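Asker: Sequence first, then the predicted structure, then my questions.
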Amino acid sequence: MITKILQSNPKGRIHSIETCGTVDGPGIRYVIFTQGCPLRCLYCHNPDCRYPDGGIDITVDELIADLQKYRSYIKFSGGGVTVTGGEPLMQLEFVTEIFRRCQKLGIHTALDTSGYVQLELAKSILNYVNLVLLDIKSFDPKIYYQVTRVSLEPTLNFAHYLNDINKPTWIRFVLVPNLTDPLHNIKGLAQFIAELKNVERVEILPFHKMGEYKWEQLGYDYQLKDTLPASPKLVAIAKEIFQEYSISVIS
């Protein structure tokens with residue numbers, strides 16, 4: 001667990017801010033993209049968030065002052081603040097203080113994470129999180145490693161803990177043709193989620209190529225350049241599998 005006393009105005013590194021986001025939690029949201037990520041997802045649409053020394057320095061005070069400008073839109077829409085990335089859990093003190101301050105202001109908080117973290121370190125931040133958007137890239141460990149270059153186990157441990165504390169959670173699954181779409185992979189994930197009592201819904205995110213240009217600009221090897229976007233038929237098949245386990249699905 002985090003044992004040191006948190007600073008009241010810690011500084012962190014972010015990639016960017018989206019002031020009126022509508023896809024990262026309920027309502028209109030102020031979305032903070034943090035810098036740095038331990039995963040190397042083949043389809044990442046923010047590869048420029050990869051390294052923690054990129055982006056810009058900013059304090060919690062500066063972020064809170066900026067988001068206050070949009071507070072009326074947030075409140076009217078039933079929205080809030082979402083911290084995503086990159087991987088927010090790489091900057092625990094910074095992100096914890098953002099959430100703590102938001103909750104003090106009565107603003108709904110959402111954490112978008114891969115769950116790839118030492119669980120004991122992440123427990124404290126969850127005290128200030130209203131909703132977790134948990135990205136589970138695959139349920140087959142081999143496919144998960146192929147997609148991310150890291151182990152699946154920490155994410156499953158994180159998911160189990162969220163269930164233990166009954167933390168409201170949305171599961172996100174990116175459906176990539178010829179990569180994450182094997183039926184055993186989707187069914188395995190559905191069976192796992194069906195055992196969790198805290199999951200409110202699953203979001204199937206069809207693979208797209210909108211981030212490909214960033215890989216080219218950065219000189220990275222984009223291995224999915226020949227992969228087509230997920231078809232409506234493929235999405236429908238995946239959705240049906242989740243629904244067979246009485247799971248609410250958005251696609």
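Answerer: That came through, no problem.

Asker: got the residue ranges for the helices in the chain?
Answerer: Along the chain, counting by DSSP state H, helices occupy 60-67, 71-77, 92-104, 119-122, 141-148, 153-164, 183-194, 212-218, 232-244.

Asker: Any idea which of these gets closest to Asp135?
Answerer: helix 153-164 (8.1 Å; CB to CB). Using the backbone N, CA and C atoms, a C-beta is placed for each residue, glycine as well.

Asker: So which bits of the longest strand seen in the chain are buried?
Answerer: What stands out as the longest strand in the chain, according to DSSP state E, is strand 11-21. When burial is assessed from 16 or more other CB atoms under 10 Å, strand 11-21 yields the following buried residues: Gly12, Arg13, Ile14, His15, Gly21.

Asker: Ok, stretch 196-208 next?
Answerer: Buried, per 16+ other CB under 10 Å, within stretch 196-208: Leu196, Val199, Val202, Glu203, Ile204, Leu205, Pro206, Phe207.

Asker: Save the buried residues of strand 11-21 as a markdown table, and put in distance to Pro177 and pLDDT too.
Answerer: As requested, the buried residues of strand 11-21 are exported to a markdown table (distance: CB to CB, whole Å; pLDDT from 0 to 100):
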| residue | distance to Pro177 | pLDDT |
| --- | --- | --- |
| Gly12 | 36 | 97 |
| Arg13 | 34 | 97 |
| Ile14 | 32 | 98 |
| His15 | 28 | 96 |
| Gly21 | 27 | 94 |
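
Asker: Closest to Ser124 out of those residues?
Answerer: Nearest to Ser124 among the buried residues of strand 11-21, with distances taken as CB to CB, is Gly12, at 16.3 Å.

Asker: list the contacts for that closest one?
Answerer: Taking CB atoms under 8 Å, 6 or more residues apart in numbering, we find Gly12 in contact with Thr34, Gln35, Asp57, Ile58, Thr59, Val60, Gln91, Phe94, Val95.

Asker: And the furthest pair within the buried residues of strand 11-21?
Answerer: Arg13 and Gly21 (19.6 Å).

Asker: out of the contacts of Gly12, which one sits closest to Glu212?
Answerer: Gln35 (20.9 Å).

Asker: my guess is Arg172 contacts Leu134, does it?
Answerer: Yes. Here Arg172 lies in contact with Leu134, judged by CB atoms under 8 Å, at a distance of 6.8 Å.

Asker: what is the mean pLDDT for stretch 233-249?
Answerer: For stretch 233-249, mean pLDDT is 98.

Asker: what comes into contact with it?
Answerer: Outside stretch 233-249, the residues touching it (CB under 8 Å, 6+ apart) are 173, 175, 177, 181, 183, 186-187, 190-191, 193-194, 199-204, 206, 251.

Asker: if we go to 10 Å?
Answerer: 170-171, 173, 175-177, 180-181, 183, 185-196, 199-207, 228-231, 250-251 (CB atoms under 10 Å, 6 or more residues apart in numbering).

Asker: ok, of those residues, which come out buried?
Answerer: 170-171, 173, 175-176, 180-181, 185-190, 192-193, 196, 199, 202-207, 230, 251.

Asker: does Pro26 really touch Gly80, like I thought?
Answerer: Yes. Counting by CB atoms under 10 Å, Pro26 touches Gly80, with 7.3 Å between them.

Asker: ok, those two, which is more surrounded?
Answerer: For Pro26 and Gly80, the more surrounded residue by other CB atoms under 10 Å is Gly80, and the numbers stand at 25 against 16.

Asker: Please list only the buried members of the contacts of Gly12.
Answerer: In the contacts of Gly12, the ones that pass as buried (16+ other CB under 10 Å) are Thr34, Gln35, Ile58, Val60, Gln91, Phe94, Val95.

Asker: anything in contact with each of Pro26 and Gly80?
Answerer: Joint contacts of Pro26 and Gly80 (CB under 10 Å, 6+ apart) are His108, Ala110, Asn130, Leu131.
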